[in-house]
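In: With the sequence up front, the predicted model follows.
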Number of protein chains: 2
Amino acid sequence: MDWQTTSEDTVPSSVVTDRARRSMLGKPPATGAWREGDPVGGRRFVTIDDLALESGDVLTKPRIAYETFGERAADDSNVILLLHALTGDSHVIGDASAGHATAGWWTGIVGPGLAVDTDRWFVVAPNMLGGCQGSTGPASLDDSGREWGARFPHLTIRDQVEAQARFADALGIDRFAAVVGGSMGGMHALEWAVTFPDRVERLAALSTTSFTSADQIAQNIVQIEAIHMDPSFSGGDYYDAPDGDGPYRGLALARRMALLSYRSPDELNDRFGRSWQSELSPMVGQGRFAVASYLDFHGNKFTRRFDANSYITLARAMNSHDLGRDRGGVETALQRVTAKSLILGIDSDRLFPPDDQRRIAQSLRPSSRFAPDTDDHRAKTEASGAVMVASEFGHDGFLIENEYVGKYLRALLEA
Amino acid sequence: MDWQTTSEDTVPSSVVTDRARRSMLGKPPATGAWREGDPVGGRRFVTIDDLALESGDVLTKPRIAYETFGERAADDSNVILLLHALTGDSHVIGDASAGHATAGWWTGIVGPGLAVDTDRWFVVAPNMLGGCQGSTGPASLDDSGREWGARFPHLTIRDQVEAQARFADALGIDRFAAVVGGSMGGMHALEWAVTFPDRVERLAALSTTSFTSADQIAQNIVQIEAIHMDPSFSGGDYYDAPDGDGPYRGLALARRMALLSYRSPDELNDRFGRSWQSELSPMVGQGRFAVASYLDFHGNKFTRRFDANSYITLARAMNSHDLGRDRGGVETALQRVTAKSLILGIDSDRLFPPDDQRRIAQSLRPSSRFAPDTDDHRAKTEASGAVMVASEFGHDGFLIENEYVGKYLRALLEA
């Protein structure tokens, strides 16, 4: 089987079951995640066996959408599993053409000659289970041909990683040269390294945490409530609403709240200050501050590419994250990791603050820590073993600080 | 006139006009801010002249509700103006009886023998203009006897301080021994010291800022949007809704978002961690995290004492705050301050972070800075001149860290 991404072979028949093919022929979900007989860009699909979830529910034949970049080595020695964050997808690099909602989200890191060099590595990037860019989620059709909506089962990070492991099985990949993820993708990457130590040679967990804290849980909960409150949410069953109506306002508000936690105060203040959007002063009650326009724009834009039910499902999954659950605590769980592990954070991250990364690094066996000596101007390996990047970009820094993130990722892959 | 608080003289006829008396006889606002012929607790009222606002609108005969504590000296040398934060009111100390929505909000600081010793000082605490605990706001009746609702004019911090100055005039107070405020009340206090330097002998500005930053503006804007999105908001005209319906869900969401910015991540994490509220694990999709219950409880409770339109009006007023506007910048404006000035912050404040207080202190004339030598375990006077308290309570620390806040306030009042 040729694993290269080609436009001629976006849906290998050998890995797409009839059921999955049928569901792809249903009406497109609100998100436009896939289209009848014409999958988005280089997206492919794998359908896995029925998945027993932690909740006790069973998800029948879930589908995982994915893209690959680079060429798979005959001995499978060069395969990297790349796991996206909450609102990312499999489209890691490439432009927004061919139906993709966005351009690639990590174009400064992945590609020929870049830190994750696709001339050398074969990168596999699945859309997480519960998402809305091709993998089975609440906007997918259930057995009866209706969108799941509110009936979609509760997922945990472990459920999602189990689905990813089955996905890897389906692709015939036993062991990854590296599992790489940031933020929610970092939760998956950590869970991989703890659950399947033998399948993970290297681990890069960026801007993430070993368990979702009360503060992080709370941020997700208020965002979920914003969507619930939108009258167009209709209890989650909005897919048949007339005129394509949906809980866009609630989803946009959730996104605006999230954006505030993704950036640091300093960055927002330096960028916008108290500047106005128009000639009219906000002091007279009608003008708008520039920061308001920025948030509105990105909140609204987001609703054109993301499904509200997916957002809720994934935020709840994030809240389930606790490496230590039923494993004797986080420290004990992290002792299972045998991968060479880069734990990297951004010092201004207010959503997953530096202590979260320090806790991970400190709990690893010393032999598993990849803690390079550094004398970089804005990055240092701390005593904990975590690499901390000084940046005003906050949580989003792992997607922006390509020079430093790339340098340490490259070093990990060469180690 | 006797300015002591007595239950017999809660509404001195000499300062309440007929118009104001009529408006008090109207139907009670949604907030229960006042009651026909039976004002809440020791609350009194002053009606001031028509107020020309920065927006160009004129507010006719606004009313200011207030309480006083202690005894006014014959020479007026002991009068302290105490200015509450966003959701506070004039009820600084005392219990929740006699119709007060809450017990006093600063009982650890103000009272006989306490830092603001009411055996010595006469404390005057007005409810801010636009509020919903007795002062004129969107829930008040306009000239036609209808609640203002969405038609209530846009207010700025300067409008509110102008109203407070007229209120002081009405009480015959030329000069305050101290003007004290935290958070939004700190914005008012700073504006007082800049606008009326001759009327302010001492200034205490706690956990506040010289201008509302892009990040702070954004936090207010997403909270306003949460209220707007509630279908029961009805464009702000919800006072006649059947069954007393109102935008309680939106207001509760705004409050929950605000609470997250008021506390530090560490405090929330230490207090709640990942604990559950019930026997049911959140992992199965039905259980609730304890932090969710905490936020729900406080969000819902808040809606029983606060008016949604007031919340919007005050959040917008907060966004107007910029000491430097039309004054050649913040630094130049703060040079006008002649008051002995205590600028105090909490190191874990993520809403008004320490740099905000440092900027204020640094911009004051050295002769105005009250920067005591400290060797306290958890408080220090920084090089900037600001006093920084080490606390995990975040922004709310100024309401909680009574030992340190009290110590420095007392020192200021004795200086």
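Out: Received it, and whenever you're ready, just let me know what you need. Numbering: from 1, shown residues only, chains lettered A, B, ... in the order given.
In: Let me see the contact set for whichever residue of the stretch 51-200 of chain A sits closest to chain B.
Out: Of all residues in the stretch 51-200 of chain A, A:His154 sits closest to chain B, with a separation of 2.8 Å (Cβ to the nearest Cβ). For glycine as for every other residue, the C-beta is placed from the backbone atoms N, C-alpha and C. Residues near A:His154 by Cβ atoms under 8 Å, 6 or more residues apart in numbering or on different chains: A:Leu53, A:Glu54, A:Ser55, A:Asp57, A:Thr313, A:Arg316, B:Met283, B:Val284, B:Gly285, B:Gln286.
In: And the buried ones among those residues, selectable in PyMOL?
Out: To isolate the buried ones among the contacts of A:His154 in PyMOL, judged by 16 or more other Cβ atoms under 10 Å in any protein chain shown, type:
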select buried, (chain A and resi 53+54+55+57+313+316) or (chain B and resi 283+284+285)
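In: TSV for the contacts of A:His154, including pLDDT, secondary structure and distance to A:Ile346?
Out: As requested, those are exported to TSV (pLDDT from 0 to 100; DSSP: H, G, I helix; E, B strand; the rest coil; distance: Cβ to Cβ, whole Å):
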residue	pLDDT	secondary structure	distance to A:Ile346
A:Leu53	97	coil	33
A:Glu54	95	coil	31
A:Ser55	94	coil	33
A:Asp57	95	coil	36
A:Thr313	98	helix	27
A:Arg316	97	helix	25
B:Met283	77	helix	29
B:Val284	74	helix	33
B:Gly285	72	coil	32
B:Gln286	73	coil	35
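In: What about A:Gly42, how many residues nearby?
Out: Residues near A:Gly42, counting by other Cβ atoms under 10 Å in any protein chain shown, number 20.
In: does it sit in a helix, a strand or a coil?
Out: Using DSSP: H, G, I helix; E, B strand; the rest coil as the criterion, the local structure at A:Gly42 reads coil.
In: Please apply the same query to A:Asp356.
Out: Quick answer, by three-state DSSP: A:Asp356 is helix.
In: Run a quick neighbour tally on it.
Out: Going by other Cβ under 10 Å, the residues that sit close to A:Asp356 add up to 23.
In: Tell me which stretches of the stretch 1-150 of chain A form helices.
Out: Using DSSP state H, counting those that start in this stretch, the helices of the stretch 1-150 of chain A run over A:18-24.
In: What ranges in it fall below the confidence cut-off?
Out: A:1-39, A:98 (pLDDT under 70).
In: interface residues of it facing chain B?
Out: A:Glu54, A:Ser55, A:Gly56 (Cβ under 8 Å from any Cβ of the partner chain).
In: Now the residue nearest the centre of chain A. Nearest residue, chain neighbours left out?
Out: Central residue of chain A (Cα atoms, centre = their mean): A:Ala85, 1.9 Å from the mean position. Leaving aside its sequence neighbours, A:Ala85 sits nearest to A:Ser183 (Cβ to Cβ, 6 or more residues apart in numbering or on different chains; 3.9 Å).
In: quick one: contacts for the one you found?
Out: A:Ala85, A:Leu86, A:Leu206, A:Ser207, A:Thr208, A:Phe352, A:His395, A:Phe398.
In: again, but for A:Asp373
Out: So A:Asp373 contacts A:Thr381 (Cβ under 8 Å, 6+ apart).
In: quick revisit: any idea how far the residue nearest to A:Ala85 is from A:His84?
Out: To A:His84, A:Ser183 is 9 Å away according to Cβ to Cβ, to the nearest Å.
In: low-scoring stretches of the stretch 201-350 of chain A, by residue?
Out: Checking the stretch 201-350 of chain A against pLDDT under 70 turns up nothing.
In: Tell me how far the residue in it that chain B sits nearest to lies from B:Ile64.
Out: Nearest residue of the stretch 201-350 of chain A to chain B: A:Gly285, at 2.8 Å (Cβ to the nearest Cβ). A:Gly285 sits 21 Å away from B:Ile64, going by Cβ to Cβ.
In: quick one: stretch A:256-271 to chain centroid distance?
Out: Its chain's average C-alpha position is 20 Å from that of stretch A:256-271, according to Cα atoms, centre = their mean, to the nearest Å.
In: same thing with stretch A:145-165?
Out: Relative to its chain's centre, stretch A:145-165 lies at 15 Å (Cα atoms, centre = their mean).
In: so what's A:Pro282 up against?
Out: A:Pro282 touches A:Trp276, A:Arg288, A:Phe289, B:Asn319, B:Ser320, counting by Cβ under 8 Å, 6+ apart.
In: Quick one: residues contacting the residue nearest to the second one when sequence neighbours are not counted.
Out: The spatially closest residue to A:Arg288, leaving aside those adjacent along the chain, is A:Gln277, at 4.3 Å (Cβ to Cβ, 6+ apart). Contact partners of A:Gln277, counting by Cβ under 8 Å, 6+ apart, are A:Gly287, A:Arg288, A:Phe289, A:Ala290, A:Ala292, A:Ser293.
In: wait, doesn't the fifth one sit right on B:Ala218?
Out: Yes: look at A:Ala292 against B:Ala218 with Cβ atoms under 8 Å: they come within range, at 7.1 Å.
In: Surely A:Glu403 forms part of a strand?
Out: No: according to three-state DSSP, A:Glu403 belongs to no strand; its state is helix.
In: Check the gap between it and chain B for me.
Out: To chain B, A:Glu403 is 25 Å away according to Cβ to the nearest Cβ, to the nearest Å.
In: In strands, which of the contacts of A:Ser183 fall?
Out: A:Leu206 (DSSP state E).
In: Weed out the non-buried ones from the contacts of A:Ser183.
Out: A:Ala85, A:Leu86, A:Leu206, A:Ser207, A:Thr208, A:Phe352, A:His395, A:Phe398.
In: circling back to that earlier point, quick one: which of the contacts of A:Gln277 sit in strands?
Out: Using DSSP E, none of those sit in strands.
In: and those, which are buried?
Out: Looks like those have A:Phe289, A:Ala290, A:Ala292 buried, using 16+ other Cβ under 10 Å.
In: you'd agree the second one is up against A:Ser278?
Out: Translated: A:Ala290. No: if you go by Cβ under 8 Å, A:Ala290 and A:Ser278 don't touch, sitting 9.4 Å apart.
In: And the contacts of the helix or strand encompassing A:Arg158?
Out: With elements taken from DSSP states H and E, the one containing A:Arg158 is helix A:157-170. Helix A:157-170 is contacted by residues A:15, A:46, A:48-49, A:51, A:53-54, A:62, A:64, A:66, A:81, A:83, A:124, A:126, A:128-130, A:174, A:176, A:184, A:187-188, A:191-192, A:195-196, A:199, A:317-318, A:320-321 when judged by Cβ under 8 Å, 6+ apart.
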